[in-house]
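Peer 1: got a predicted structure here, sequence first:
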Amino acid sequence: MLVDAVMIKPMPPLNAIRAFEVASRHLNLSRAAEELGVTQGAISKQVIALEDHIGAQLFVREPSGLRLTNEGGSLKEAIRPAFAMLGEAFARYSRRPPRSNVCRISTTVSFASEILVPRLAEFRTSHPGIELEFMTSERLVDLGREEFDFVVRYGVGDWEGVVSTKLVEGLLAPVCSPEVWARAGADLKRLMATTPRIQSAAFNEWRLWAEKEADICEMAPSPMVIENFLVAQRAAEASQGLALLPEVMVRNAVKRGDLMVFSPVRLENEYTFYIAHTIGAVKRPIAQEVIAWLKAELA
C-alpha cells in the first residue's frame, strides 16, 4: 500500500520559541531576560534566530520597548495555548515528596555569602533534620511556578502576589578598612575629605548620611559607583574607599577585622532584606522553622 509522504518543516529551536513567548508577554528585553535568567543579548539573538527561521519580523524595536508586528501578534496567540497546556501538564509533578526535609531558598549572592554561608554549620547543629538548598540569582522568581519555599530579596517589600515580611531593619553602616582609617590619622573629617566614597544605593545615600553626621564639613568628590553590595564590600575591604552598606551584611567582616565602622551614625533606609513567599508556602513546618531561625539570627 502506498502512503503519501508528508513533508514537515523542522521546528525552530525550543529556546528561540521560549524567548519569543516571554518577550511577547513583557514587550521588554530586560524583563524577559530577568525571567529566563539570561542576558538581553541572548534573548535578542534567540528572537532573531526565530525570525530568520520563519522568514518574518516579529517585533519592532522602539525607544520605549518592543511592539509586536502583525506576524508577531498572530504567533503569540498561536503558541499561547501550547505553553498553557505544558504548564498544566507539569504542575502536578513535583521533584520532592510533601514530607521532604529540604527547604529551598532563592536569594542574592551577597545575602548567601555574607549571611547564610557563615551560619550553615551552626544551623546544621541546631536543626539536624533540615537540609538547606539555596539558589543565588538577581532575577525575578515566579513562586507560582518555581519550587522555592521562599525568597530573600532586597527592596521595600511591595511585590505583587506574595506575602512579604521584613527580615531586618534597614540600616546602612559607614565602613572602611582599618588601613584607610589609619591613613586618615583616625580623623573623621580628614577621612571624609580625602577618601573616595563607594556609591551602592539607587539614591544618594552619602548625602543623606552626611546630613545626620554633624562632624562632616566636606566629602571627597567623584564617588565610585558599585551597585552590587558584595563587590562594594570587597572594594572597601581592599582599602579602595568608604562604603555605606546594610549593617546586617557587614557584621562578620567587622568581627573579623576586615572592616571597621568609622562612625556611630547609621542611615535608616526603607530598603532592606525581605522574606517573600506564597500564601500557602509557610504551611510547611520546615519553612516555618527556617524563617524563624533567620529572624532570630538577624534580630
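Peer 2: Yep, that arrived.
Peer 1: buried ones in stretch 180-192?
Peer 2: 180-181, 184, 188, 191-192 (16 or more other CB atoms under 10 Å). Where C-beta positions appear, they are placed from N, C-alpha and C, glycine not excepted.
Peer 1: taking the residues you listed one by one, which sit in helices?
Peer 2: 180-181, 188, 191-192 (DSSP state H).
Peer 1: could you export the buried residues of stretch 180-192 as JSON lines, including distance to Gly41 and pLDDT?
Peer 2: Output for these, formatted as JSON lines (distance: CB to CB, whole Å; pLDDT from 0 to 100):
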{"residue": "Val180", "distance to Gly41": "38", "pLDDT": "96"}
{"residue": "Trp181", "distance to Gly41": "42", "pLDDT": "96"}
{"residue": "Ala184", "distance to Gly41": "43", "pLDDT": "94"}
{"residue": "Leu188", "distance to Gly41": "45", "pLDDT": "92"}
{"residue": "Leu191", "distance to Gly41": "41", "pLDDT": "93"}
{"residue": "Met192", "distance to Gly41": "40", "pLDDT": "91"}
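Peer 1: list phi and psi for the residue nearest to Glu71 when sequence neighbours are not counted.
Peer 2: Of all residues not flanking Glu71 in the chain, Ala56 sits nearest, at 4.1 Å (CB to CB, 6 or more residues apart in numbering). With angles defined as degrees, to the nearest 10, Ala56 sits at phi -150, psi 150.
Peer 1: in space, what's closest to Pro174 - neighbours in sequence excluded?
Peer 2: Closest to Pro174 by CB to CB, 6+ apart is Ser263, at 4.9 Å.
Peer 1: break down the stretch 51-200 of the chain into its strands, ranges please.
Peer 2: Counting by DSSP state E, counting those that start in this stretch, the stretch 51-200 of the chain has strands at residues 59-62, 65-68, 102-107, 131-136, 150-155, 163-166, 171-176, 197-199.
Peer 1: now do the lengthiest helix in the chain: everything it contacts.
Peer 2: Determined from DSSP H, the single longest helix within the chain is helix 70-91. Contacts to helix 70-91, defined as CB atoms under 8 Å, 6 or more residues apart in numbering, come from residues 17, 20-21, 24, 54, 56-59, 68, 145.
Peer 1: related to what we said a few turns ago, want to throw the ones in helices among the buried residues of stretch 180-192 into TSV with distance to Ile105?
Peer 2: Output for those, formatted as TSV (distance: CB to CB, whole Å):
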residue	distance to Ile105
Val180	34
Trp181	35
Leu188	39
Leu191	38
Met192	38
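Peer 1: from those residues, pick the one nearest Leu172.
Peer 2: Met192 (15.4 Å; CB to CB).
Peer 1: can you pull the contacts of that closest one?
Peer 2: 210, 216, 218-220, 242.
Peer 1: what is the most widely separated pair among those?
Peer 2: Glu218 and Leu242 (13.6 Å).
Peer 1: and these two? Which one has more around it.
Peer 2: Neighbours were tallied for Glu218 and for Leu242 using other CB atoms under 10 Å; the higher tally belongs to Leu242 (26 against 10).
Peer 1: what pLDDT does the residue positioned nearest the centre of the chain get?
Peer 2: The C-alpha lying nearest the average C-alpha coordinate of the chain belongs to Glu138 (CA atoms, centre = their mean; 2.5 Å). Per-residue pLDDT puts Glu138 at 73.
Peer 1: the closest residue to it other than its chain neighbours and Met135, how far apart?
Peer 2: Sequence neighbours aside, Thr108 is the residue nearest to Glu138 in space, at 6.1 Å (criterion: CB to CB, 6+ apart). Distance from Thr108 to Met135, counting by CB to CB, to the nearest Å: 10 Å.
Peer 1: okay, the two: which has more neighbours?
Peer 2: A count of neighbours by other CB under 10 Å puts Thr108 above the other of Thr108 and Met135, at 21 against 14.
Peer 1: who's in contact with the more buried one?
Peer 2: 136-138, 152-154, 229 are the contacts of Thr108 under CB under 8 Å, 6+ apart.
Peer 1: dump those to TSV, plus distance to Ala202.
Peer 2: Listed next are those as TSV, based on distance: CB to CB, whole Å:
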residue	distance to Ala202
Thr136	21
Ser137	19
Glu138	14
Val152	19
Arg153	14
Tyr154	11
Phe229	12
